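Chemist: give me the fold of what follows.
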Amino acid sequence: MKIVTWNVNSIKARLPNVLDWLKAAEPDVALLQETKTVDENFPAFEFEALGYACAVHGQKSYNGVAILSKIGLEDVQARLPGDATDEQARYLEATVGGGVRVATIYLPNGNPADSEKYSYKLAWMARLKTRAAALLATEQPVVLGGDYNVIPTDDDVHDPVAWAGDALIKPQTRAAFRQILWLGYTDAYRALNATPHKYSFWDYQRGAWSRDEGVRIDHLLLSPQAADLLTGSGIDTTPRGKEKASDHTPVWCTLDDPPTEEETA
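Modeler: Residues are numbered from 1 along each chain as shown. The predicted model follows:
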């Protein structure tokens, strides 16, 4: 199965680009972020016409996440546990493809880093770590995909000095991300691609795209059971070069089908 994560930066504004890419790339599961629309206005009909079932968790004008699946969509759970007062639409989970648990994640940006927004980011990451640990305990294949707003290492940014102090690169941010990895998760892209300075986001300003001045902040984290099934991963930069493009581009991985109960018996 092919699973992709993509921050589309408004599903209404990018719908033609998203549909075109889905037709060409044919992922089985698409984890979308920053849909920026309430659930009833999500263009489910257009995706269903391509064979996708849709689960959405949105809000007006901001945030918003969705899961599209051609291989089943069951046991949908919205909202990241751990804070009943958090109303931001940033997390959605479901089971696809015969037992693979997936989540689409839009982790808080956290800037400015000297504000309460950064405290919210770190608290959100702590909640994500707790949820990631709970999912590991199920011993099923798990894929946590999304816009993490985390630059893991200096190999993932065009200019570490220029980004110094930004919430995406601060030591506390990187440490919180590593703590999730250290639970036993694998960065699908880095597992198979060692070349540095490959990016998934380029700002709209200052000619960042044309100069390839980007950052890698969109990640697919795999549980050990999912990592054992990993056969490929990559970043498809084609959509970023389109007219009216999102500032993010799709990141994908391919997994073998999980073993059946008979095969594991």
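Chemist: least trustworthy helix or strand in this protein by mean pLDDT?
Modeler: Least confident helix or strand of the chain, by mean pLDDT, DSSP states H and E, is helix 261-264 with a mean of 60.
Chemist: residues touching stretch 57-65, excluding its own?
Modeler: 11, 31-39, 41-42, 56, 66, 78-79, 87-92, 104-106, 146 (Cβ atoms under 8 Å, 6 or more residues apart in numbering). Glycine gets a C-beta too; all of them are placed from N, C-alpha and C.
Chemist: quick one: buried residues of it?
Modeler: Buried residues in stretch 57-65, counted by 16 or more other Cβ atoms under 10 Å: 57-59, 63-65.
Chemist: ends of it, how far apart?
Modeler: Stretch 57-65 has an end-to-end distance of 5 Å (Cα to Cα, to the nearest Å).
Chemist: so what does the helix ranked longest in the chain touch, helix or strand wise?
Modeler: Taking DSSP state H as the criterion, the chain has its longest helix at helix 116-136. When contacts are defined as 3 or more Cβ pairs under 8 Å, 6 or more residues apart in numbering; DSSP states H and E, helix 116-136 packs onto strand 100-106, strand 142-147, helix 171-181.
Chemist: do you know which of these lies nearest Tyr199?
Modeler: If you check each of those against Tyr199 by Cβ to Cβ, strand 142-147 wins as the nearest, at 12.9 Å.
Chemist: list the helices and strands that closest one packs on?
Modeler: strand 2-7, strand 29-33, strand 100-106, helix 116-136, strand 218-222, helix 224-227, strand 251-255.
Chemist: contacting residues around the following helix or strand past that strand?
Modeler: Per DSSP states H and E, the first helix or strand lying C-terminal to strand 142-147 is helix 160-163. Contacts to helix 160-163, defined as Cβ under 8 Å, 6+ apart, come from residues 151, 154, 157, 169, 215.
Chemist: check contacts around Ala126.
Modeler: When contacts are counted by Cβ under 8 Å, 6+ apart, Ala126 touches 82, 176.
Chemist: state the pLDDT value of it.
Modeler: As predicted, Ala126 sits at a pLDDT of 98.
Chemist: measure it to Ser119 for me?
Modeler: For Ala126, the distance to Ser119 equals 11 Å [Cβ to Cβ, to the nearest Å].
Chemist: could you do Val8 as well?
Modeler: Distance from Val8 to Ser119, by Cβ to Cβ: 28 Å.
Chemist: quick one: Leu92 is in a strand?
Modeler: Yes: per DSSP: H, G, I helix; E, B strand; the rest coil, Leu92 lies within a strand segment.
Chemist: residues contacting it?
Modeler: So Leu92 contacts 55-57, 65-67, 76-78, 103-104 (Cβ under 8 Å, 6+ apart).
Chemist: if we go to 6 Å?
Modeler: Listed by Cβ atoms under 6 Å, 6 or more residues apart in numbering, the contact set of Leu92 reads 57, 65, 67, 78, 104.
Chemist: with Ala55 instead?
Modeler: Residues in contact with Ala55 (Cβ under 6 Å, 6+ apart) are 67, 73, 76, 94.
Chemist: ok, and the most crowded of these?
Modeler: Ile67 (24 neighbours; other Cβ atoms under 10 Å).
Chemist: quick one: the closest residue to it other than its chain neighbours from Ser210, how far?
Modeler: Using Cβ to Cβ, 6 or more residues apart in numbering and skipping the chain neighbours, the partner closest in space to Ile67 is Ala55 (4.6 Å). Distance, Ala55 to Ser210, by Cβ to Cβ: 36 Å.
Chemist: list the buried ones in stretch 152-170?
Modeler: For stretch 152-170, the neighbour count (16+ other Cβ under 10 Å) marks 152, 156-158, 163, 166-170 as buried.
Chemist: need these in CSV (columns: distance to Glu46).
Modeler: Formatted as CSV, the buried residues of stretch 152-170 follow (distance: Cβ to Cβ, whole Å):
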residue, distance to Glu46
Pro152, 34
Asp156, 33
Val157, 35
His158, 35
Trp163, 36
Asp166, 35
Ala167, 34
Leu168, 32
Ile169, 36
Lys170, 39
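Chemist: if anything else comes up later, I'll come back, but that's it for now.
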